Every structure is written in structure tokens, then in C-alpha cells.
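A.B. asks: How does the following fold in three dimensions:
(4 chains)
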Number of protein chains: 2
Amino acid sequence: MTNDPLPVVSPSETQILRILWDIGSGTVQEVSDALPVGRNIAYATVQTLLRRLEKKGYITHTLAGKAHVFRPVVQKSAVIGSAVRSFVDRLFGGDPAALVHYLAKNHEISAHELEKLQKMIESVPQNKG
Amino acid sequence: MTNDPLPVVSPSETQILRILWDIGSGTVQEVSDALPVGRNIAYATVQTLLRRLEKKGYITHTLAGKAHVFRPVVQKSAVIGSAVRSFVDRLFGGDPAALVHYLAKNHEISAHELEKLQKMIESVPQNKG
DNA sequence: TACGATATCGTACATTTGTACAACTTGTCA
DNA sequence: TGACAAGTTGTACAAATGTACGATATCGTA
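C.D. replies: Residues are numbered from 1 along each chain as shown, chains lettered A, B, ... in the order given. Just a heads-up that it's a prediction; the model follows:
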């Protein structure tokens, strides 16, 4: 199993990648359209971000008519996993519980939700991606 | 309440800032020494990062002998809060519960810890920074 | 008072990131 | 078959980031 550390995904790139995971695959146009309101990036910019993501090996494309249809070639979990890890390292000294503690203390997650999640892990011993 | 959005703190800067929060205050040398093992940055680089943090308004310094002693002037909570928010926005569509869900599913936090946190918020109705 | 150790300051420079225009290509329709 | 619309490609460029050297200032000491 070759396991080169994946290149950095910049914030903007991450946003694009998230969209692709959501919609499965899409043209530049479709990805543009799927951008959250309030986040306006020019068509050409989305295109550049897609180009860079492809170069970095996160997505690929096929031709459909004259347009490129992009789709992810990496698992969401892999990218998110490494992003979360480096984030937790930097801000919480590598302790995920400290992050959750922060969220709880600041009412970003409710007791009810924590309870639900707690039950979830208690009932499901193995992670399934 | 004036609430200018603080300038971005880069990853490396964040690491430095975290050290200052931990040790309270310190010279370039002291901050350098406090870097986690495996994270070697040249003295001069630490110095630059401290300079930039000061320029951005996150830290200040006083003179002690010939050395500058730096210390944070922003609350850890403010910086962490905005970092967490933008991180959750980008990767989890703004839903903190989705992040915790991820951590739980991937065994980065235990049921026991979740329970503890759950009890904590149930017993403490108000956040106190 | 001159010297070494230790600091800071000015500056630099390659990369990455965000953003995007202008030019060229290619289906499609009249 | 020729023009238009929609796409892609090449290229650009400022700002941020990571990294650090060389010059200069200063404290303590011989």
C-alpha cells in the first residue's frame, strides 16, 4: 500500500472538493452553481481550483460533449481525516476531546447531540467509513 | 461591541500563538525552546512569526534587558473560536455536530468522554469563556 | 574599552493561494 | 459553412506563507 502523504488542499480547494463529494461529479458550471450563496467565485476561478485539484491528484475528469466532468478520486474520509488531524494538532495540541470540549462549552453542540453520538459509538463497535 | 474580524492567523503562526498562551509570555528563545519536538524552525523564523503576529495585533512585547518578551493580547477563545468556525464551515458545512460525529465514528473520542462532556453542559447552563 | 555572545532589524525569496483575463477551440444551429 | 455560445488553456499577478541570512545593536566582562 503506497501511502504518499497527499498534497495540501487549500481552503478554497477544500470547498470545491466538498461540492464534488456532494454532487458526485459535475462540470465547472455545475460546481459553480453549487457554491453556497454568499460565496461568489468567478467561473474562471472555479476552473482554476478544479485544475489544481486535478494536478494534486484529488479529482479527475472525463469528457462529455465539449465540457469536462470532474469527479473525486479520493475518499472524503481520507481528506477530512488528515485535515481534522492537522487542525486538532495545531489548535488543540492533538487532543480531539479538547476540541469537543470547546464545542460543548460554547454551545456549538448540545447535550442531546452528544448523547446521540455516545449511543452511536456504544452500539457500533466498528467504523464503517 | 466593536467586532472587527481579526486578520488570518496562518498555521505556523497559530502554533507560535498557542505556545505563548501556554507559557504566558516569552522571548524568541523561550518560544523556540517550547516548540514541540519534530517541529524545528530556525530561531530567525520564530522571530519573523512573532513579528507578524505582533503586526496583526495578536501579541505585544516589552523589553527585558536586550530581549523582547512577547505575550498574547487576544483571548485564546477568540482566536480558537473563529478558527473552529471557519474550519467547520469548510469541511462540515458549518455543522459542528458533523465534526463530532466524524470524531466519534473514527474513534478519536470515546463514548466515555462524550458522556463526561454531556454531563458538563447539562450541569453548567452558561459558558464562561 | 574592546570583544564575544546574544538580540533585533531589514530584507529577501521561493511557493502557495486566491482571483481572473484573454485567446483559442469546438459543438451546434441557421 | 460560417458564426455564436460555451468550454478549455495559457498565463498573470498580488498577497500571504514559510523560511532564513546578513548587518547591526547591546549587555556583560576581561
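A.B. asks: residue ranges with poor pLDDT in chain A?
C.D. replies: A:1-5, A:124-129 (pLDDT under 70).
A.B. asks: so the spatially most central residue of chain A is in which element?
C.D. replies: Nearest residue to the geometric centre of chain A (Cα atoms, centre = their mean): residue A:18, 4.6 Å. Assigned by DSSP states H and E, residue A:18 belongs to helix A:11-23.
A.B. asks: now residue A:27: how far from DNA strand C?
C.D. replies: Taking Cβ to the nearest atom of the strand, to the nearest Å as the measure, residue A:27 falls 14 Å from DNA strand C. (Glycine included, C-beta is placed from N, CA and C.)
A.B. asks: from memory that residue sits against residue A:68, does it?
C.D. replies: Yes - here residue A:27 lies in contact with residue A:68, judged by Cβ atoms under 8 Å, at a distance of 6.5 Å.
A.B. asks: just the residues of chain A that are near chain B, which are they?
C.D. replies: Within chain A, the residues that sit near chain B (Cβ under 8 Å from any Cβ of the partner chain) are A:11, A:14-15, A:18, A:77, A:80-81, A:83-84, A:86-88, A:90-91, A:93, A:96-97, A:99-111, A:113-115, A:117-118, A:120-122, A:127-128.
A.B. asks: In helices, which of these appear?
C.D. replies: Using DSSP state H, the subset of the residues of chain A next to chain B located in helices is A:11, A:14-15, A:18, A:77, A:80-81, A:83-84, A:86-88, A:90-91, A:96-97, A:99-105, A:111, A:113-115, A:117-118, A:120-122.
A.B. asks: which of the residues you listed are buried?
C.D. replies: A:14-15, A:18, A:80, A:83-84, A:87-88, A:90-91, A:96-97, A:99-105, A:111, A:113-114, A:117-118, A:121 (16 or more other Cβ atoms under 10 Å in any protein chain shown).
A.B. asks: Would you mind giving the secondary structure of residue A:39?
C.D. replies: coil (DSSP: H, G, I helix; E, B strand; the rest coil).
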